[in-house]
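> make a model of this:
(one chain, ligands or ions: 1)
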Amino acid sequence: MLKNIGVLRSLSFILGIALLLSVSCSDRRDYVPSGSKLIILGFDGVDPGWMNKWMEEGKLPNLQRLKELGDYSELQSTIPPQSPVAWSSFATGTNPGGHGIYDFVKRHPENYMPDVAVMDLQPPELMLGLFPTSSAHGEVTRGGTAFWKIAADSGIHSTVLFVPYTFPPEDISPGKMMSGLGTPDLRGTNSTFTYMATDLTSEELSQPVGGGKLVKVNVINGEVATYLETLVHPKKNERIRVPLNFSIRDDRTVEVRLDERSTILKVGTWSEWLPFRVKITPFLKAAGICRCYVFSTTPEFRLYVTPLSMDPSDPYMPMSFPDGFSRELFEKVGYFKTVGWAYDTSVLNEERLSEAQWLEAMKMITAERERIFYSELERRDWDLFICAFTDTDRAAHMFYRYLDIGHPGYDPIGAAQFGDALESTYRHMDRFVGEVMDKYVDEETTLIVMSDHGFHSFRRGFNTNTWLAQNGYLFFEGMEKLLPGQEIPEEMYPQGDFFPKVVWEKTKAYALGTGQIYFNLKGREAKGIVKPGEEYDHLLDEIAMKLMEVRDPLNGKPVFSAIYKSKDVYRGDYISAAPELQLGFAEGYRTSKETMLGGIPPALITNNLSKWSGDHSASAMEETPGVLFANRPIDKDNPAIIDFAPTALGFFDVGTPPVMEGSSFFDYTK
Ligand SMILES: [Zn+2]
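Below you'll find the predicted structure:
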């Protein structure tokens, strides 16, 4: 039913019939909870090391107060300790084998190609190419059952806001949900920015841009005529364009016309949210919003357009439950960013936005989310309230180079200016927690503050496929000419992504994603050669042992702290999607970005000069815990993220399904 609401909406437009199509939350009977209430505040990637340092320095007084009032512990993450995996285990109470999410990236054994593991979008179906018969929607990619769904089935009223990987939203009636990380932009991607300028060179335009698109524009008589590329037309396989025009008034102001609306932009400031509509057919439109930032008008015109958000007042695909909940939030707080990857790390990585501008945008988006948070918290129509923020993670990814003097991207001038970016993000979190404690936590309310994993410096990138080739496990064209023991000459390495020139008939193992090694298994992979049984087990032991011996030639340090064998650490219904080996990098190391997409560059280990300078996505779990605070005692040694589901269900006296592996970290018998 939920899937068809958008379709019905467009049909009602066609027929000219006013139908009440979306379920309005305010129509529901006003609910006043009578018993105990539970608030869970999640802060992605808060690292216990940095947090304790700043807490000891007296910079996080509210977290210190929460610790003294209740309790604090490190929180064991997942293997690997990264958001898609950890938040899925948070929701379902299972190891990755129980929900099937092992990384941002998954692979198709039939063709060895990578794919996004956590987003599967379906376009609308069109009758005669015109009339929508089903609406665009996200498909569920995670297995298992979230604890808020189980709680809902027992009548618990939950409000779930921006929890990572809750897209598509699920029916948690009588509760409400706004999807978080994983919600696509209006292009159907994780997050794609647009940068427009008159001075883009042909070389810049020919280079691939991670998470963005560069557009060269011309100024003719003070006018710029261009367009925004939006979603792919469901029938024509091309992106639908929305006209975007600028009139340069002077060197400080620009008039922008988007979808026939006109707004004045001031150079060097952020625009308001600009709404627009994408005409897919005369009977189907998609609504979007974006912000612009004009850097300059003369002598060069330069402009940034944020990733295009689906309009929360008229969502193109369901991103809240009930479907009308996002509109209700819009009516209370105005437009807000709905793209799950809320902070545009790509534009900073591509150096199209400065550090200062990026931090300003980060604060704006966090403020938007806090307005939504308070507007829902204040309703007090919930028993269980969960909200997650991701600025703590993104600031660490982007500014770690200024915290780590040994990072190749460290520079003292930048550090003097932006070295406190992460600390100030943690201090903001601390003030926020303090306000929640003071205004909303009474004797009936349990408050938990947590993070899903910790953080490390990402100084050097390890090319896993290169290592596999150098050790005889991966074979590409040309290697047949090598003499036994001969090193692979640099010029022999193939260029590009997606396993260029790999000879699968001679390849035993390959790497994809942020830290996974898959075997080329007979009967599973299209051209598999590794036989299950003895050969498989032997290869598993051999590669794991050899990797643990790898030292960085630069400093002699081990690159890995742990290598996990899938059969030892994963179990459950979704085990078939697991890699054979999961890497557990030591501090300072991560998989190179080339390896993520199946590249095989000549250098084994290279300096990471990217602004994306901190990471955790394939670090050893044991070295990457998150944090756990509560305003009551934590009655379990080594609590883990898989303990959340049984803890929350136990709180409401709802039984925990046997598939959930953890146990409550609160003792409810006390
Ligand atoms: Zn992260």
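> my read is residue 646 is in a helix, agree?
Yes. Assignment of residue 646 by DSSP: H, G, I helix; E, B strand; the rest coil places it within a helix.
> ok, residue 223 - how many residues close by?
Residue neighbour count, defined by other C-beta atoms under 10 Å, stands at 12 for residue 223. Where you see a C-beta, it was placed from the backbone N, CA and C, and this is true even at glycine.
> quick one: pLDDT of it?
We have a pLDDT of 97 for residue 223.
> kindly report the same for the one 5 residues further on.
Predicted confidence (pLDDT) for residue 228: 96.
> quick one: contacts for it?
Contacts of residue 228 were listed using C-beta atoms under 8 Å, 6 or more residues apart in numbering, and they are 194, 241-242, 244, 258, 276, 290, 305, 308.
> list buried residues within those.
Neighbour counting by 16 or more other C-beta atoms under 10 Å classes 194, 242, 244, 258, 276, 290, 305, 308 among the contacts of residue 228 as buried.
> now the first one. Its backbone dihedrals?
Right, residue 194. Note on residue 194: backbone dihedrals following degrees, to the nearest 10 are phi -130, psi 130.
> skipping adjacent residues, who's closest to it in space?
Setting aside the residues directly before and after it, residue 194 is nearest to residue 305 in space (C-beta to C-beta, 6 or more residues apart in numbering), at 4.1 Å.
> so how far is the ion from that neighbour?
25 Å (C-beta to the ion, to the nearest Å).
> now do residue 203
Counting by C-beta to the ion, the gap from residue 203 to the ion is 31 Å.
> contact residues of this structure facing the ion?
Where proximity means C-beta under 5 Å from the ion, the interface of the chain facing the ion comprises 45, 393.
> could I get the buried ones among the contacts of residue 228 as CSV with secondary structure and distance to residue 562?
Formatted as CSV, the entries for those read as follows, by DSSP: H, G, I helix; E, B strand; the rest coil; distance: C-beta to C-beta, whole Å:
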residue, secondary structure, distance to residue 562
194, strand, 41
242, strand, 49
244, strand, 49
258, strand, 50
276, strand, 49
290, strand, 43
305, strand, 42
308, coil, 40
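> confirm that residue 78 sits in a strand.
No. Assigned with three-state DSSP, residue 78 falls outside any strand and is coil.
> contacting residues for it?
85-86, 89, 95-96, 453, 621, 641-642.
> using CSV, write out every CA atom in stretch 415-434.
Backbone C-alpha positions of stretch 415-434 (Å, rounded to 0.1, in the frame of the first residue of the first chain) are rendered in CSV as follows:
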residue,chain,number,x,y,z
ALA,A,415,46.2,22.6,11.8
ALA,A,416,46.3,26.0,13.4
GLN,A,417,43.2,27.0,11.6
PHE,A,418,41.1,23.8,11.6
GLY,A,419,42.9,21.5,14.1
ASP,A,420,39.9,22.0,16.5
ALA,A,421,37.2,21.0,14.0
LEU,A,422,36.6,17.6,15.5
GLU,A,423,36.9,18.9,19.1
SER,A,424,34.3,21.6,18.5
THR,A,425,32.0,19.0,16.9
TYR,A,426,32.3,16.9,20.1
ARG,A,427,31.8,20.0,22.2
HIS,A,428,28.6,20.7,20.2
MET,A,429,27.5,17.1,20.8
ASP,A,430,28.2,17.6,24.6
ARG,A,431,26.1,20.8,24.8
PHE,A,432,23.3,19.0,22.9
VAL,A,433,23.4,16.1,25.3
GLY,A,434,23.3,18.5,28.3
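> and that stretch, how far out from the chain's middle?
Distance of stretch 415-434 from its chain centroid, counting by C-alpha atoms, centre = their mean, to the nearest Å, is 21 Å.
> got it, and stretch 515-534?
For stretch 515-534, the gap between its own C-alpha mean and the chain's C-alpha mean amounts to 29 Å (C-alpha atoms, centre = their mean).
> what about that stretch, how long is it end to end?
With C-alpha to C-alpha, to the nearest Å as the measure, stretch 515-534 spans 24 Å from end to end.
> buried residues, it. List them.
For stretch 515-534, a neighbour-count test (16+ other C-beta under 10 Å) marks 515-521, 525, 527-528, 530 as buried.
> show me which pair in these is furthest apart.
Farthest apart among these by C-beta to C-beta are 515 and 527. That separation is 23.7 Å.
> residues touching residue 142, list them.
Residues near residue 142 by C-beta under 8 Å, 6+ apart: 88, 91-92, 99-101, 118, 165.
> wait, doesn't residue 179 sit right on residue 166?
Yes. With contacts defined as C-beta atoms under 8 Å, residue 179 counts as touching residue 166 at a distance of 4.9 Å.
> residue contacts, residue 660?
Shown here is residue 660, whose contacts under the criterion C-beta under 8 Å, 6+ apart are 92-94, 147, 642, 645-646.
> now those in JSON lines, with pLDDT, neighbour count and secondary structure?
Rendered in JSON lines, the data for these read as follows (pLDDT from 0 to 100; neighbours: other C-beta atoms under 10 Å; DSSP: H, G, I helix; E, B strand; the rest coil):
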{"residue": "92", "pLDDT": "98", "neighbour count": "29", "secondary structure": "helix"}
{"residue": "93", "pLDDT": "98", "neighbour count": "30", "secondary structure": "coil"}
{"residue": "94", "pLDDT": "98", "neighbour count": "27", "secondary structure": "coil"}
{"residue": "147", "pLDDT": "98", "neighbour count": "27", "secondary structure": "helix"}
{"residue": "642", "pLDDT": "98", "neighbour count": "22", "secondary structure": "helix"}
{"residue": "645", "pLDDT": "98", "neighbour count": "29", "secondary structure": "helix"}
{"residue": "646", "pLDDT": "98", "neighbour count": "22", "secondary structure": "helix"}
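> per-residue pLDDT, residue 140?
Residue 140 is assigned a predicted lDDT (pLDDT) of 89.
> oops, could you answer that again for residue 23 instead?
Among the per-residue scores, residue 23 shows a pLDDT of 37.
> and if you look at the one 3 residues further on?
For residue 26, the model assigns a pLDDT of 45.
> now residue 270
We have a pLDDT of 96 for residue 270.
> how about the nearest residue to residue 30 once chain neighbours are set aside, phi and psi?
For residue 30, the nearest residue in space outside its immediate sequence neighbours is residue 381; the separation is 6.7 Å by C-beta to C-beta, 6+ apart. Reported as degrees, to the nearest 10, the phi and psi values for residue 381 are phi -110, psi 30.
> surely residue 381 meets residue 32?
Yes. Applying C-beta under 8 Å, one finds residue 381 in contact with residue 32, separated by 7.1 Å.
> what about these two, which has more around it?
residue 381 (19 against 8).
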